[in-house]
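> got a structure for you, letters missing:
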């Protein structure tokens, strides 16, 4: 009986998803100032093991924080990349924050070149 109920619920969910996608809706990431500010408050102070990711949309979408954590010892980085922006203002703010002593991983596209520069700053 429970398998039948689970199957029916799953079917309704799939049909609901298909309907809205057919209407032109698609899942999206809520990327706004409030979300960024919340993420910034989660950056741990005076923690040398803290890792922060900064940059633009490539850093946001191309880095899997769970995979990053698995590969680099289990600690998830804080995602502070901002779509369509330059990483330098965030980098400047972190560098002036005396309570931040972790690692910053940035991705920056120099203007006019079309190529990226990956930088790790301890």
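Here it is on my side, so go on. As the structure is a prediction and not an experimental result, all values here were calculated from the model.

> okay, now the unreliable bits of the protein?
28-30, 110-122 (pLDDT under 70).

> redo that, cut-off 80
Within the chain, the ranges that satisfy pLDDT under 80 run 1, 26-32, 108-122.

> what segments of it are strands?
Applying DSSP state E to the chain gives strands spanning 51-54, 78-79, 103-108, 117-121.

> same for the longest one, what does it pack against?
Yep, that's strand 103-108 we're talking about. Other helices and strands packing on strand 103-108, by 3 or more Cβ pairs under 8 Å, 6 or more residues apart in numbering; DSSP states H and E, are strand 51-54, helix 57-62, helix 88-96, strand 117-121. From N, CA and C alone the C-beta is placed, and that goes for glycine too.

> for residue 9, which of the strands of the chain is the nearest?
strand 78-79 (32.5 Å; Cβ to Cβ).

> contact partners of that closest one?
39, 40, 42, 43, 50, 51, 52, 53, 59, 60, 63, 65 (Cβ atoms under 8 Å, 6 or more residues apart in numbering).

> for it, what is the distance to the chain centroid?
6 Å (Cα atoms, centre = their mean, to the nearest Å).

> next: stretch 3-10.
Worked out by Cα atoms, centre = their mean, stretch 3-10 lies 34 Å from the chain centre.

> re the thing from before, so which of the contacts of strand 78-79 is the most crowded?
residue 52 (24 neighbours; other Cβ atoms under 10 Å).

> which residues pair with it across the strands?
residue 78, residue 104 (DSSP bridges).

> please shift the residue numbers so they start at 138 in all later answers.
Sure, I'll start counting at 138 from here, so that last one is residue 189.

> isn't it up against residue 214?
Yes - assessed by Cβ atoms under 8 Å, residue 189 is found in contact with residue 214 at 6.4 Å.

> intersection of neighbour lists for the two?
By Cβ under 8 Å, 6+ apart, the residues touching both residue 189 and residue 214 are residue 242.
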